[in-house]
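>>> Task: produce atomic coordinates for the following.
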Amino acid sequence: MKYFHCYFCNMELYRKYFTVEQLEQIAQTKPDWGVNVLNVGHNIHPRNKKYPDTNHPNPYCFDWNEGRVLNEYQLVYIASGGGVFEAEKVGSVIVDPGTVFLLYPGVWHRYKPLYDKGWEEYWVGFNGHYAEYLMRQECFDPDTPLIHMGFNTDFLNIFIRLIDTLRFEGVAFSQISSCLTIQLLGLVYASALLKERPHNRKEQMINNLRYKMHENWASGLTMEELAAQHNVSYIWFRKAFKEVVGISPGQYYLNLKLEKACQMLKETVLTVSEIAFLTGFVSEYHFSRIFKKKIGFSPSKYREGGVRLSSE
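Alright, predicted model coming up:
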C-alpha cells in the first residue's frame, strides 16, 4: 500500500541524487522555472560514528581534512543535535539546532556533527537562473552562510513535502519540487531579514519539545512522557509551553494530528479507519468524534468539501 507507507514514515531517512541523464530528461519535459532541484535528503547521523557516511555519491561525499567544493547551491537545515561548520572566509562556527547553512558553487567548505552528539539534517541541492537571482540578494552572503531559523513548522513541513514529492515522482513532481524549494528559500530570506533574536533557555526548551511532537506525531506519545524525557515536570512544561506558544501542549499536539489527518484525507485514498490508526487515535469512532468537534465536519464530509483546521 504505497500511500500507507508514505504517511506513516513521513520522517524516515531518505536521499535522492538525480543523474545527469535524468536531469536532461526532466529539462526536456518541463518548463524552465529557474530553480532545478538536483538532490534532496533527510538523515539522522548517530553519535560516535564517522561523518559523512559512504552512501553519498561523488562529489558529495567528502573527507574532513580535504573539505569539498560543489558546483551547485545547497540549503542544509540542522533540526537537532549539533556540530561545526567551516568555509572560505568563515572560521570554525558552532552549529546549533535550528540552523540553516547555505553552500555556494565554487566555495570550499566542510561541516560535521560533534562526534559524541550527532545530528539530524535536511538538505536540498539546486541551481538555475532564478536560483542565481535569489542567492544574489543582499541577505544571502557566502561570507555569512549561517542563518538561525529556529523551530519553524512551515519550514519543516515544506521540507517533508519536498522529500515526499521527489520520493514518489507523481504528476508534475519536478515543477512542484521547484516551487517548494523557492518557498524554503523565501522563509530563510524572511528569517535573515528579520535577524531573529536569540531564544532564551525556556524558548529553546519548548522549541525542542515542539520538534519532538512533530517528529512523533503518529505515535501515542503522551505529554507527561515527553516532559519526563526532557527532565522537566509536566506542570512546568504545560505552563511554559502555553506562555511561549499560546496554547497547551496537548491542544497543540491534537491540532498537529488533525492537520496530518486533513492532509491524508485530501491527498490519499486511505480509509477513515486507516487514517485514524496512522494518527494515533484509539478508534475510528474517537477520531471521527474529535475531528467533527474541531473541524466542523465529519472526516468523510471534509474529504468531499473540506475547510481549514481551526487554530483554537
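
>>> show me the contacts for the residue sitting nearest the centre point of the chain.
Per Cα atoms, centre = their mean, the C-alpha nearest to the average position across the chain is that of L156, at 2.9 Å. Under the criterion of Cβ atoms under 8 Å, 6 or more residues apart in numbering, the neighbours of L156 are A79, Y122, Y211, H214. Glycine gets a C-beta too; all of them are placed from N, C-alpha and C.

>>> Kindly provide the distance from it to H230.
Between L156 and H230 the computed distance is 19 Å (Cβ to Cβ, to the nearest Å).

>>> before we move on, what about L180?
In this structure, L180 and H230 are separated by 31 Å, where distance is defined by Cβ to Cβ.

>>> Next: V124.
When Cβ to Cβ is applied, the distance between V124 and H230 equals 30 Å.

>>> Comparing the two, which residue is more hemmed in?
For V124 and H230, the more surrounded residue by other Cβ atoms under 10 Å is V124, and the numbers stand at 24 against 12.

>>> Okay, now the unreliable bits of the protein?
With pLDDT under 70 as the threshold, the chain has low-confidence stretches at 1-12, 28-31, 171, 195-200, 306-312.

>>> Longest helix of it, counting residues only.
Of all the segments assigned as helix in the chain under DSSP state H, the longest by residue count is helix 173-194.

>>> is it true that F159 touches L75?
No - counting by Cβ atoms under 8 Å, no contact exists between F159 and L75, whose distance comes to 9.2 Å.

>>> Pick out whichever of those two has more residues nearby.
For F159 and L75, the more surrounded residue by other Cβ under 10 Å is F159, and the numbers stand at 24 against 21.

>>> Three-state assignment for the more buried one, please.
In terms of secondary structure, F159 is helix; the call rests on DSSP: H, G, I helix; E, B strand; the rest coil.

>>> Kindly report the same for the one 4 residues further on.
Three-state secondary structure (criterion: three-state DSSP) places I163 in helix.

>>> what about it, neighbour count?
For I163, the neighbour count with other Cβ under 10 Å is 23.

>>> my guess is it meets H42, correct?
Yes - in terms of Cβ under 8 Å, I163 counts as a neighbour of H42; the distance is 5.8 Å.

>>> Quickly list what's touching both of these two.
Between them, I163 and H42 share the neighbouring residues Y14, Y122, with contact defined by Cβ under 8 Å, 6+ apart.

>>> list the residues that contact both of F159 and L75?
With Cβ under 8 Å, 6+ apart as the test, F159 and L75 both reach V124, L184.

>>> sorry, back to before: what helix or strand does the residue nearest to the centre of the chain sit in?
Taking DSSP states H and E as the criterion, L156 maps to helix 153-168.

>>> list the buried ones in that helix?
Of all the residues in helix 153-168, those buried under the rule 16 or more other Cβ atoms under 10 Å are F155, L156, I158, F159, I160, R161, L162, I163, D164, T165, L166, R167.

>>> same deal with stretch 179-198?
Applying 16+ other Cβ under 10 Å to stretch 179-198 flags L180, T181, I182, Q183, L184, L185, L187, V188, Y189, S191, A192 as buried.

>>> Just flag the most distant two among those.
Distance extremes for the buried residues of stretch 179-198: the farthest pair is L180 and A192 at 18.9 Å, using Cβ to Cβ.

>>> Can you show me the strands along this protein?
14-17, 36-45, 73-81, 83-87, 90-95, 99-103, 109-113, 119-127, 146-148 (DSSP state E).

>>> right, so of those strands, which gets closest to M223?
Of all the strands of the chain, strand 73-81 sits nearest to M223, with 19.2 Å by Cβ to Cβ.

>>> Pull the residues that contact that closest one.
Residues from elsewhere that reach strand 73-81 (Cβ under 8 Å, 6+ apart): 45, 95-105, 111, 113-114, 117-127, 131, 135, 149, 155-156, 159, 181, 184-185, 188, 208, 211.

>>> Alpha carbons only: can I get the helix holding L156 in PDB?
This file holds the C-alpha atoms of helix 153-168, laid out as PDB (Å, rounded to 0.1, in the frame of the first residue of the first chain):
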ATOM      1  CA  THR A 153       6.700  24.500  11.500                       C
ATOM      2  CA  ASP A 154       6.100  25.800   7.900                       C
ATOM      3  CA  PHE A 155       9.700  25.300   7.000                       C
ATOM      4  CA  LEU A 156       9.900  21.800   8.300                       C
ATOM      5  CA  ASN A 157       6.600  20.800   6.700                       C
ATOM      6  CA  ILE A 158       7.700  22.200   3.300                       C
ATOM      7  CA  PHE A 159      10.900  20.200   3.500                       C
ATOM      8  CA  ILE A 160       9.000  17.000   4.300                       C
ATOM      9  CA  ARG A 161       6.600  17.700   1.400                       C
ATOM     10  CA  LEU A 162       9.600  18.300  -0.900                       C
ATOM     11  CA  ILE A 163      11.100  14.900   0.000                       C
ATOM     12  CA  ASP A 164       7.800  13.100  -0.500                       C
ATOM     13  CA  THR A 165       7.300  14.800  -3.800                       C
ATOM     14  CA  LEU A 166      10.600  13.500  -5.100                       C
ATOM     15  CA  ARG A 167      10.300  10.200  -3.500                       C
ATOM     16  CA  PHE A 168       7.100   9.200  -5.400                       C
END
